[in-house]
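**Q** Sharing a sequence plus its predicted fold:
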Amino acid sequence: MTTPIRSADELAPGMSVELGRFLLPREEVLDFARRYDPQPFHLDEEAARGSIFGRLVASGLHTYSAAVGHLIRSGWLAEVNLGGGGAQLNWPAPLPPDTPVTMRVVVEEVRPSRSKPEMAIVKLRCLVAIESDGTVVLDALGTHFMKR
């Protein structure tokens, strides 16, 4: 677990935090796709071979959901997180099932709320990359509301 911050005031643009590794097991990838993103390249090996990916890949939505879960479970924001206000999502490369990834969070912006001075608005960039070669599979810029 990463040491929790106690106030958004501890954050500064450019700050970077490594949150370790995770992976999306094949069965979890298939289950998520069946339930939420039933496209052939997420569901079927043979169909995936004929896709632009050439193989079975995790849903980008699954990758993002797993990254949010990993961030929350890290405990880094446990004492300050008040909720999210949206995200810009990019999936620069596909993520095959059972591929270990690492996650890094970069603080992009920190500003006090004008209407609620006890709160800050923080933009965090979550970068998820394949552990073996550093290929980024998720670049998510999220807005977070945090205690000061």
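**A** Now that the structure is in, tell me what you want to look at.
**Q** This structure: strands as residue ranges?
**A** Along the chain, the stretches classed as strands by DSSP state E are 16-22, 81-90, 101-112, 119-130, 136-147.
**Q** Flag every buried residue along the helix of greatest length in the chain.
**A** Looking across the chain with DSSP state H, the single longest helix is helix 60-74. Within helix 60-74, the residues scored as buried using 16 or more other CB atoms under 10 Å are G60, H62, T63, Y64, A66, A67, H70, L71, S74. Where you see a C-beta, it was placed from the backbone N, CA and C, and this is true even at glycine.
**Q** Take the strands of the chain and write them to TSV, including distance to F53.
**A** Putting these into TSV (distance: least, CB to CB, whole Å) gives the following:
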stretch	distance to F53
strand 16-22	21
strand 81-90	16
strand 101-112	16
strand 119-130	14
strand 136-147	12
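**Q** how about the nearest residue to V17, chain neighbours excluded?
**A** Leaving aside its sequence neighbours, V17 sits nearest to V105 (CB to CB, 6 or more residues apart in numbering; 4.9 Å).
**Q** Bridge partners for the one you found, pull those for me.
**A** Going by DSSP bridges, V105 is paired in beta bridges with V17, C126.
**Q** What is the burial count for R26?
**A** Applying other CB atoms under 10 Å, we find 14 residues neighbouring R26.
**Q** and it, what is it in contact with?
**A** For R26, the contact set (CB atoms under 8 Å, 6 or more residues apart in numbering) comprises L56, P97, D98.
**Q** filter these to the buried ones?
**A** For these, buried by 16+ other CB under 10 Å: L56, P97.
**Q** And the contacts of R26, which is closest to T2?
**A** For the contacts of R26, the minimum distance to T2 (CB to CB) is 24.7 Å, reached by D98.
**Q** Quick check: the gap between the residue nearest to that closest one when sequence neighbours are not counted and G60.
**A** Nearest non-adjacent residue to D98, counting by CB to CB, 6+ apart: R26, 5.5 Å away. If you measure R26 against G60 using CB to CB, to the nearest Å, the figure is 17 Å.
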